[in-house]
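>>> Sharing a sequence plus its predicted fold:
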Amino acid sequence: MVSKPSWMSRPRLLRKIDPDRVKAAIGAAEKRTSGEIRVSISSFFWGDVYFAAVRAFERMQMHKTALRNGVLLFVVPSRRRFVVLGDSGIHEKVGQDFWERVASAISEHFRRGDFTSGIVHGVEVVGEQLAAHFPYQAGADVNELPDEIDYGKS
């Protein structure tokens, strides 16, 4: 789901995001699921934001999770857009309407200028669905992807 809330440049946005709080939210969500959640904040680029999110998804090897249950929140401040992108395993379980609801909820926070809370809320909502469909399995679950925010290019 691509959304276009009204907000600010990447440097200003980065000053308003608490990476420790985002990382903690990802860690908490992933303690309840075998799924993986990543957040990527991209620099400016020309082109389609959705396809850039797909490239970032692949660059971060999110398509290589064992159950295809990775979810990416891809934010492009300079374009005032973001994408919530789920791999095939989770998408088959929740459908397109779920991604649109997540994007709408994140957008509400972003419109108020509360970017950290928007990202954290998105992570929490995604984490709930991942836990429902891909519960944590003690002894078998490994953290397949890092929890830190990715600042790479699309």
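Good, I have the coordinates. Numbering: from 1, shown residues only.
>>> Give me the number of neighbouring residues for residue 22.
23 (other CB atoms under 10 Å). Glycine gets a C-beta too; all of them are placed from N, C-alpha and C.
>>> tell me the SS of it?
helix (DSSP: H, G, I helix; E, B strand; the rest coil).
>>> Tell me which helix or strand comes right after the biggest helix by length in the chain.
Longest helix in the chain, counting residues (DSSP state H): helix 88-111. Using DSSP states H and E, the helix or strand that directly follows helix 88-111 along the chain is helix 115-133.
>>> what sits up against that next one?
With CB atoms under 8 Å, 6 or more residues apart in numbering as the test, helix 115-133 has contacts from 7, 13, 16-18, 21-22, 25-26, 28-30, 32-35, 37, 39, 69, 71, 73, 75, 84, 86, 90, 93-94, 98, 101-102, 105-110.
>>> can you give me the angle that helix makes with helix 88-111?
In terms of direction (axes from the mean of the first three to the mean of the last three CA atoms, to 10 degrees), helix 115-133 departs from helix 88-111 by 150 degrees.
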